[in-house]
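Peer 1: Structure, please.
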Amino acid sequence: MNISTDIEANKLHFDAVFCSKRNFDLKKRELAFAGKKAVMYMIDGFLRSDVLERILAEFSFLKKGDADDEEEFFEHHIPFAGVDKMSDDKDIVTAVLSGRVALMVDGFANAYIFELRNYPQRDNAEPDRDKVLRGSRDGFTETMLFNAALIRRRIRDNDLSIEYQSIGTVSRTDIALCYLNSKVDRKMLDDVRSKIKNSKIEALTMSQEDMANVINGKQRWNPFPKYKFSERPDVAAAQIMQGDLIVLVDNTPTAMIMPATVFDIAEDANDYYFPPLTGAYLRITRILIMLATLFVTPVWMLALEYPEYVPEVFKFVLVEEKQNIPIIWQLLILEFVIDGLKLSSLNTPGMLSSTFSIIAGIIVSDFAVKSGWFDAETMLYMAFVAMANYSQPGYELGYAIKFMRMFMLVATAIFGIWGFAAGIALTLYLVLSTKIHGKKGYFFPVIPFSAKGIAQLLFRLK
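Peer 2: Now for the predicted structure:
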């Protein structure tokens, strides 16, 4: 519904909509200038009051008749560049609740929306999870506008598009689609736009997890992530330059990057801040460690099931002493214990975290072996797995590998070599059946095979 040209009718309508008497932070300011009555609505906590004071000071110098013509007033008497006209009352309400200032003047058919938002935000420090040894030290914050500016600072080209969208029938959360107009996959972009527009979700309660569900539907049983997430603006800008689509969500310091293969998710910014030889070494090492975390304990379990087939040179991996607890149960218990220690560290005060880490390390290693609960070999392999998981920048990918490893362990312990083969088959099936946006497959450049793609993946060729 369009607003009225009668200022009194507008005040009655928006006073009822905003419940200004009940909401202490929603301010209403009645004005008079150039012989006209006017009213402003704004959220106090989002307001850049110094800029608003300058605008109101300019209005006070207007003479009678300067606001008789709406177009002339908009073109010549508004001393601020960031202003838009809106006539639909729902759009005006959304703008005010988003932190913008709405001005309505008696006799005007439009409201004037001033961009005076000043969202509270923390410092844009380097993310703890995505640290680099060399390179920029800034990171995204929870303010989408600021995050978009960090990308714009790195790509100073008019081909860069940062397209505003809104999602959530209740929350009206701001999101931005960032892409290079000449490089982005148009089919993927149109599909994402359509799904956002047709979404019936009330609010992004779980932030980007809800955003991923909107774009790709709920993923219940396949643990492999379909998107790459990063809190680094340099990574987001680099992905945009490659033709990818970036989704920024307000209140979230993370960029969602699509399309993303499993190798894209395993990439790290350090791979690009060093010379090609060093970067290639780091990348190959990370891929090999990722494979090792998947296979090290299942292969050891397989060796214990078939000791007669273990070559003489590798006989030392076998456990000859009698175990109080079967090896499979030791491995599974330690899988849960490691996650329990991770959860404990999240809730441990910073000043005590190092102390508790030392205590936990002593308890679950030396004392655990001496008490007879675990074997030294089991502790060694699980310690490697626990540390190697942190070589992966993708948190979701680390847990996908963990779930596949645990399934492979159980299947190998029950069915032997056939269970081990079934675990590999299931892992390959889940990887190959993971559908992502764009033309590339999830396992590209291995499947479909591309020699050029593998060279780029391993050796950072142009």
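
Peer 1: Tell me the strands beside the helix or strand hosting residue 104, with direction?
Peer 2: Taking DSSP states H and E as the definition, residue 104 sits inside strand 101-105. Strand pairing for strand 101-105, using DSSP bridges, gives strand 36-43 (antiparallel), strand 111-114 (antiparallel).

Peer 1: Please enumerate residues in contact with the shortest one?
Peer 2: Outside strand 111-114, the residues within contact range by C-beta atoms under 8 Å, 6 or more residues apart in numbering are 3, 52, 55, 74, 78, 80, 82-87, 92, 95, 100-105. The C-beta positions use only the backbone N, C-alpha and C, and glycine is treated the same way.

Peer 1: likewise stretch 319-328?
Peer 2: 301, 304, 330, 333, 372-375, 377-378, 409-410, 413.

Peer 1: returning to what we had before: columns mean neighbour count, mean pLDDT and distance to residue 187 on top of the strands paired with strand 101-105, output as JSON lines?
Peer 2: Putting these into JSON lines (neighbours: other C-beta atoms under 10 Å; pLDDT from 0 to 100; distance: least, C-beta to C-beta, whole Å) gives the following:
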{"stretch": "strand 36-43", "mean neighbour count": "20", "mean pLDDT": "92", "distance to residue 187": "39"}
{"stretch": "strand 111-114", "mean neighbour count": "22", "mean pLDDT": "92", "distance to residue 187": "33"}
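
Peer 1: any idea which of the contacts of stretch 319-328 has the most stuff around it?
Peer 2: residue 374 (25 neighbours; other C-beta atoms under 10 Å).

Peer 1: Pull the contacting residues for it.
Peer 2: 325, 330, 333-334, 368.

Peer 1: Quick check: it is in a strand.
Peer 2: No - with DSSP: H, G, I helix; E, B strand; the rest coil as the criterion, residue 374 is assigned coil and is not in a strand.

Peer 1: looking at this structure, which helix or strand does the model trust least?
Peer 2: helix 350-362 (a mean of 59; mean pLDDT, DSSP states H and E).

Peer 1: now the end-to-end length of stretch 102-113.
Peer 2: Chord length of stretch 102-113, first to last residue, is 5 Å (C-alpha to C-alpha, to the nearest Å).

Peer 1: between the contacts of stretch 319-328, which is nearest residue 261?
Peer 2: For the contacts of stretch 319-328, the residue nearest residue 261 by C-beta to C-beta is residue 409; the value is 26.6 Å.

Peer 1: Validate this expectation: that closest one resides in a strand.
Peer 2: No - the assignment for residue 409, made by three-state DSSP, is helix rather than a strand.

Peer 1: Assess the claim that it and residue 331 are in contact.
Peer 2: Yes - here residue 409 lies in contact with residue 331, judged by C-beta atoms under 8 Å, at a distance of 5.7 Å.

Peer 1: overlap in contacts of these two?
Peer 2: Shared contacts of residue 409 and residue 331 (C-beta under 8 Å, 6+ apart): 297, 301.

Peer 1: From residue 215, how far off is residue 231?
Peer 2: Note on residue 231: its distance to residue 215, by C-beta to C-beta, to the nearest Å, is 19 Å.

Peer 1: Just name the lowest-scoring one in the contacts of residue 374, pLDDT-wise.
Peer 2: Taken together, the contacts of residue 374 show their lowest pLDDT at residue 368, with 69.

Peer 1: Tell me who's in contact with residue 106.
Peer 2: 5-7, 36-38.

Peer 1: what's the nearest residue to it if we skip its chain neighbours?
Peer 2: Spatial nearest neighbour of residue 106, excluding adjacent residues (C-beta to C-beta, 6 or more residues apart in numbering): residue 7 at 3.7 Å.

Peer 1: next one: residue 110
Peer 2: Nearest one to residue 110, counting by C-beta to C-beta, 6+ apart, is residue 85 at 4.2 Å.

Peer 1: picking that back up, between the contacts of stretch 319-328, which sits nearest residue 264?
Peer 2: For these, the nearest to residue 264 is residue 409 (27.8 Å; C-beta to C-beta).

Peer 1: Flag the shaky bits of the stretch 101-250 of the chain, pLDDT-wise.
Peer 2: 120-121 (pLDDT under 70).

Peer 1: what about 90?
Peer 2: 115-139, 141-146, 149, 153, 156-158, 164-174, 197-223, 226, 242, 250 (pLDDT under 90).

Peer 1: so what's the backbone phi/psi at residue 174?
Peer 2: Dihedral angles of residue 174 (phi, psi; degrees, to the nearest 10) stand at phi -80, psi 140.

Peer 1: To clarify, my last question referred to residue 130.
Peer 2: Dihedral angles for residue 130 - degrees, to the nearest 10 - are phi -120, psi 50.

Peer 1: show me the contacts for the nearest residue to it once chain neighbours are set aside.
Peer 2: The shortest distance from residue 130 to any non-neighbouring residue, by C-beta to C-beta, 6+ apart, is to residue 232 (5.0 Å). Shown in contact with residue 232 (C-beta under 8 Å, 6+ apart): 126-127, 130, 132, 136, 139-140, 269.

Peer 1: Run the chain-centre distance for the strand holding residue 104.
Peer 2: 35 Å (C-alpha atoms, centre = their mean, to the nearest Å).

Peer 1: re the thing from before, by pLDDT, give me the weakest of the contacts of stretch 319-328.
Peer 2: Within the contacts of stretch 319-328, pLDDT is lowest for residue 372, at 73.

Peer 1: buried residues in stretch 210-221?
Peer 2: 210-212, 214-216 (16 or more other C-beta atoms under 10 Å).

Peer 1: Need the distance between the two termini of it.
Peer 2: Note: stretch 210-221 ends 16 Å apart using C-alpha to C-alpha.

Peer 1: who's in contact with it?
Peer 2: Contacts of stretch 210-221 (C-beta under 8 Å, 6+ apart): 167, 175, 192, 195-196, 199, 201, 203-204, 226-227, 247, 249, 256, 258, 435, 437.

Peer 1: Can I get the buried part of these as one PyMOL selection?
Peer 2: Command for PyMOL that selects the buried part of the contacts of stretch 210-221, burial taken from 16+ other C-beta under 10 Å:
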select buried, resi 167+175+192+196+199+201+204+226+227+247+249+256+258+437
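
Peer 1: For the stretch 101-250 of the chain, just list every one of the helices.
Peer 2: In the stretch 101-250 of the chain, the helices defined using DSSP state H, counting those that start in this stretch lie at 144-154, 186-197, 208-216, 233-241.
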